[in-house]
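Enquirer: dropping the sequence and predicted coords here.
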Amino acid sequence: MTDIGDTATETCGYSSSEVQKYLKAAVDMAIGQDEYQHGMVSEIHQNIVDYASKKINTIRPPSVKVIITCTIVQNTGAGFHIGNATRWDDNTDKLVKYQFQNKSMTIIVNAYLVQS
């Protein structure tokens, strides 16, 4: 699995910086300056995924499918591990990641962009 490169613009119709900008905006919009609040995690998660999906759909070619994942972890001093595996064409299918961290939480948002 590879991160999308800027050269993907020619083959896929979008750039990594453009997609990552929307992932960051989704996190910023959903949490602002807030700290981790367990009761708000579901709403924050849904807001991030919905916003990122809507924005990325405005720039993606019709032949590209988008999958957005979001992981929110409370920073308690314990470690965490996230893994994934894909079987795809590295020339056309890409992953763009954005990670946010403050003293109370870590948020990781992934956008999988897959040619159909």
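Expert: Nice, I can see it.

Enquirer: shouldn't residue 94 be in contact with residue 86?
Expert: No - between residue 94 and residue 86 there is no contact under Cβ atoms under 8 Å: 10.2 Å. For the C-beta atoms, the positions are set from N, CA and C on the backbone; glycine is no exception.

Enquirer: tell me the secondary structure at the residue lying farthest from the centre of the chain.
Expert: Residue farthest from the centre of the chain, counting by Cα atoms, centre = their mean, is residue 77 at 23.8 Å. Secondary structure state of residue 77, per DSSP: H, G, I helix; E, B strand; the rest coil, is coil.

Enquirer: quick one: which of residue 94 and residue 86 has more around it?
Expert: residue 94 (25 against 12; other Cβ atoms under 10 Å).

Enquirer: relative to residue 85, how far out is the more buried one?
Expert: 15 Å (Cβ to Cβ, to the nearest Å).

Enquirer: likewise for residue 68?
Expert: 18 Å.

Enquirer: do the same with residue 18
Expert: Residue 18 is 26 Å from residue 85, by Cβ to Cβ.

Enquirer: neighbour count for these two, which is higher?
Expert: The neighbour count for residue 18 versus residue 85, taken as other Cβ under 10 Å, is higher for residue 18 (16 against 5).

Enquirer: name the residues linked to residue 70 by a beta bridge.
Expert: On the basis of DSSP bridges, residue 70 is bridged to residue 109.

Enquirer: what's it in contact with, if anything?
Expert: 45, 48-49, 52, 107-110 (Cβ atoms under 8 Å, 6 or more residues apart in numbering).
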